[in-house]
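Engineer: Quick one, what's the 3D model for this:
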Amino acid sequence: MKKVIINVSFILVFILIYLLTINFFSWFKIAGVMPNLFVIFVLFIGLYCSRITGATYGVILGILLDLFIGKKVGITAIMLGIVGIIGGTFDKNFSKESRITIIIMVAFSTCIYEIGLYIVNCIIYQIDPQIVDFIKILLIECVYNLLITIILYPLMQYLGYKIEDEYKGNKILTRYF
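Structural biologist: Model (predicted):
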């Protein structure tokens, strides 16, 4: 029963993030760049639930984003699925106790997501790569995501451990093997 409540909460948080992105963060662009809260959210799910859950939510949320935004369906889904897998991998290899570790995870995931999305879009839409502009946008988005992560870290950690207890249980020994 608790897992159902958690999954419904994930869907409600997705809707909230979507509405925040459209309404609130469209006013607070830095050099035309908004934060990508979806990367942080899918990384959070991968870190505290599991690699499979993170990838599943990444793909589903990515398909919904592609449908809402009107892009070709699947590009965002693949990249958010990869972010979910990365989150599960980070969970096995790194500690979630340190704020610095979480910041590095968010920066790495944002870079992987944006670089992959840019490469695939350049191939599909046959766009000439603008490396300098892309690096500028990538750095601004990383800084924006990091600032939001720093602000939301206590809440993420508190809720994350509650979710982790429900999804993974308290299996200390089996977690590392």
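Engineer: need the longest helix for this protein.
Structural biologist: The residue-count maximum for a helix in the chain (DSSP state H) belongs to helix 131-168.
Engineer: tell me the mean pLDDT for it?
Structural biologist: Predicted confidence along helix 131-168 averages 92 (mean pLDDT).
Engineer: Stretch 24-35 now?
Structural biologist: For stretch 24-35, the mean pLDDT works out to 87.
Engineer: how distant is it from the center of its chain?
Structural biologist: Centroid separation between stretch 24-35 and its chain, computed with C-alpha atoms, centre = their mean, to the nearest Å, is 17 Å.
Engineer: residues in contact with that stretch?
Structural biologist: Stretch 24-35 is touched from outside by 21, 37, 136-137, 140-141, 144-145, 147-148, with contacts defined as C-beta atoms under 8 Å, 6 or more residues apart in numbering. C-beta here means a position set from N, CA and C on the backbone, and glycine is covered the same way.
Engineer: Report the buried residues of the host helix or strand of residue 7.
Structural biologist: Under the assignment given by DSSP states H and E, the secondary-structure element containing residue 7 is helix 2-19. Buried residues in helix 2-19, counting neighbours by 16 or more other C-beta atoms under 10 Å, are found at 6, 10, 14, 17-18.
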